[in-house]
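Student: The following block contains a protein sequence and its predicted model.
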Amino acid sequence: MADYLADVQKYDATATAETVDKIVKHLGIALRNRESSLVSCSDPDELARVREKWCKKKLGETDNARCDSIIEKVCETMVNDNSKSRVTFYYLVAKHLGKLATL
């Protein structure tokens with residue numbers, strides 16, 4: 001858990017362990033496999049999955065264009081991170097949507 005929090009705090013120093021823990025619990029088994037614990041910004045199927053499963057289904061956003069724009073922004077934010085942690089990526093998407101409190 002501490003590793004996830006430390007990674008998120010590289011992008012948002014105010015991130016709390018409670019919020020990060022909620023994302024970790026949501027992702028569950030996906031975090032056990034290295035490949036599924038990372039997000040690939042170069043894979044359109046992966047980004048569509050983030051939009052559909054996280055942005056729309058979990059966070060309740062209905063505007064595809066807004067989700068896509070925020071996902072693109074997070075990709076740009078994390079561009080220098082070769083291993084984009086799914087926990088950090090999902091946290092940043094939620095933050096940009098203003099949905100951290102609803103996790």
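Tutor: That came through, no problem.

Student: Point to the residue nearest the middle of this protein.
Tutor: residue 90 (1.2 Å; CA atoms, centre = their mean).

Student: for the protein, longest helix please?
Tutor: Identified as the longest helix of the chain according to DSSP state H is helix 64-77.

Student: average pLDDT for it?
Tutor: For helix 64-77, mean pLDDT rounds to 98.

Student: Can you give the distance of it from its chain's centre?
Tutor: Centre-to-centre, helix 64-77 and its host chain are 11 Å apart (CA atoms, centre = their mean, to the nearest Å).

Student: Same question for stretch 2-12.
Tutor: Taking mean C-alpha positions (CA atoms, centre = their mean), stretch 2-12 and its chain are 12 Å apart.

Student: Check stretch 25-43 too.
Tutor: With CA atoms, centre = their mean, you get 10 Å for stretch 25-43.

Student: Please verify my assumption that the residue nearest to the centre of the chain contacts residue 27.
Tutor: Yes - using CB atoms under 8 Å, residue 90 makes contact with residue 27 at a distance of 7.3 Å. Quick note: C-beta positions are derived from backbone N, CA and C, even for glycine.

Student: element containing residue 60?
Tutor: For residue 60, there is no enclosing helix or strand under DSSP states H and E.
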